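K.L.:
Need a 3D model of the following:
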Amino acid sequence: MILTIEVSAELERKLEAEARNNGVGKNEFAKIILEEKLNEKPNNRSTDYGRIIATGLPVRDFSREHAWLAKNRDEFDGQVVALDGDTLLAHGESGKEVAAKVKELGIKSAYIVLVEGSNRPPFISGGVW
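P.N.:
Reported below is the predicted structural model:
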């Protein structure tokens, strides 16, 4: 099938530039774009496995938070804690309460977790055994 599409000069320049970046001609690139778009899976939860929304972001190291938890887990067993590195920012009975305390401190990002003491069995999720 031969298809003729009329596009603006600006869109044609963009198409040509992207085609060059991908090492193909503009007609071949337009065909690739159409095939990808028409072969997309419908956007429903059973087939949508997520998408990349950002790249190149810094990866945060939580090793200090994990070390603090290992050292203090029995003292804060059953509580929710908010940490910044090895500094305890807030603790309480619920995540909502702790998040509110962190917000009051003016802190935009904290490691918030429910602490499980060393005497608790490990959490296992779901399934019938």
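K.L.:
Would you map the helices across this structure?
P.N.:
Along the chain, counting by DSSP state H, helices occupy 9-21, 26-38, 63-72, 95-104.
K.L.:
Format those helices as TSV; extra columns: mean pLDDT, distance to Ala82 and mean neighbour count.
P.N.:
The way it works is simple: take the backbone N, C-alpha and C, and place the C-beta from them, glycine included. As requested, the helices of the chain are exported to TSV (pLDDT from 0 to 100; distance: least, Cβ to Cβ, whole Å; neighbours: other Cβ atoms under 10 Å):
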stretch	mean pLDDT	distance to Ala82	mean neighbour count
helix 9-21	89	45	12
helix 26-38	85	43	12
helix 63-72	94	10	14
helix 95-104	95	5	14
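K.L.:
which one of these lies closest to Leu89?
P.N.:
helix 95-104 (5.6 Å; Cβ to Cβ).
K.L.:
Show residues contacting that closest one.
P.N.:
80-82, 89-92, 110, 112, 114 (Cβ atoms under 8 Å, 6 or more residues apart in numbering).
K.L.:
hmm, 6 Å instead?
P.N.:
Helix 95-104 has contacts (Cβ atoms under 6 Å, 6 or more residues apart in numbering) with 80, 82, 89-90, 92, 110, 112.
K.L.:
Drop the exposed ones from the residues you listed and show what's left.
P.N.:
80, 82, 89-90, 110, 112 (16 or more other Cβ atoms under 10 Å).
K.L.:
wait, which of the residues you listed is closest to Asn119?
P.N.:
Nearest to Asn119 among these, with distances taken as Cβ to Cβ, is Val80, at 18.2 Å.
K.L.:
dump the residue contacts of the closest one.
P.N.:
Val80 neighbours (Cβ under 6 Å, 6+ apart): 92, 95, 98, 114.
K.L.:
State the distance from it to Pro122.
P.N.:
Distance of Val80 to Pro122, given as Cβ to Cβ, to the nearest Å: 18 Å.
K.L.:
Let's see which of the contacts of helix 95-104 end up in strands.
P.N.:
Mapping the contacts of helix 95-104 onto strands (DSSP state E) picks out 80, 82, 89-90, 92, 112.
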